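K.L.:
pasting the sequence and the predicted model now:
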Amino acid sequence: MEQKALRKLGIEAIVCPMIFDDARLPVSFKPSKNPHVYMTAHPGREKEYGIDKIRKIADLFPNIIFHIYGLFPNPYLVGTPQDKNIMYHGLTNEDRFNMEISDYHAAIRLNKFDGFAETLAKSALMGQFPISWIPYPHITHVHDASSLRKALEGLSKKKEPNYEARKYWS
């Protein structure tokens, strides 16, 4: 997406997917009727990262735990019914983040304009089923609330790791 925007400005850019730590992440996906999904966000940019969208639909998925990294809960928003299956982790170091997400089922990236996020790369490399607003090969693309709900509903039905995404992105 960013490459196309730059091209319109007359700037040629080469896409170089990258990961900031060891890209030799093991496949760690394990099927579950109670999936865990994760997002990353920055304070003050919750809407850009789609946290508002997750808060609106989380109560529709009582079997899914939504993990949000990079944010602490807003004391004015926490405690609403939507937050009963949302966990805020704040800032964490890379080792702890990698350890925790290895037990999860998908990264969710709802930014509408973005580069290929490291969270999506890690999710794909771990054999998970990442979900993105921006279309990427072998990553579930969502474009509205309905497609996001459908993607989330499908997670508990996944029985094998996502080897296609892992192979493509490694």
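P.N.:
Yep, that arrived. Numbers count the residues shown, from 1 in each chain.

K.L.:
Asp144: neighbouring residues, count only.
P.N.:
Residue neighbour count, defined by other C-beta atoms under 10 Å, stands at 10 for Asp144. (Each C-beta comes from the backbone N, C-alpha and C, glycine too.)

K.L.:
who's in contact with it?
P.N.:
If you count contacts by C-beta atoms under 8 Å, 6 or more residues apart in numbering, Asp144 has none.

K.L.:
low-confidence ranges, this structure, go.
P.N.:
1, 15-23, 74-82 (pLDDT under 70).

K.L.:
quick one: the helices in the protein, in order.
P.N.:
Secondary structure of the chain (DSSP state H): helices at 2-8, 46-49, 51-57, 94-101, 118-125, 145-155, 163-169.

K.L.:
the shortest one packs against which elements?
P.N.:
So that's helix 46-49. Using 3 or more C-beta pairs under 8 Å, 6 or more residues apart in numbering; DSSP states H and E, no helix or strand is in contact with helix 46-49.

K.L.:
can I get the CA coordinates of it in CSV?
P.N.:
Extracted in CSV, the C-alpha atoms of helix 46-49 (Å, rounded to 0.1, in the frame of the first residue of the first chain):
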residue,chain,number,x,y,z
GLU,A,46,-6.3,3.7,19.2
LYS,A,47,-8.7,4.5,16.4
GLU,A,48,-6.0,4.2,13.8
TYR,A,49,-5.2,0.7,15.0
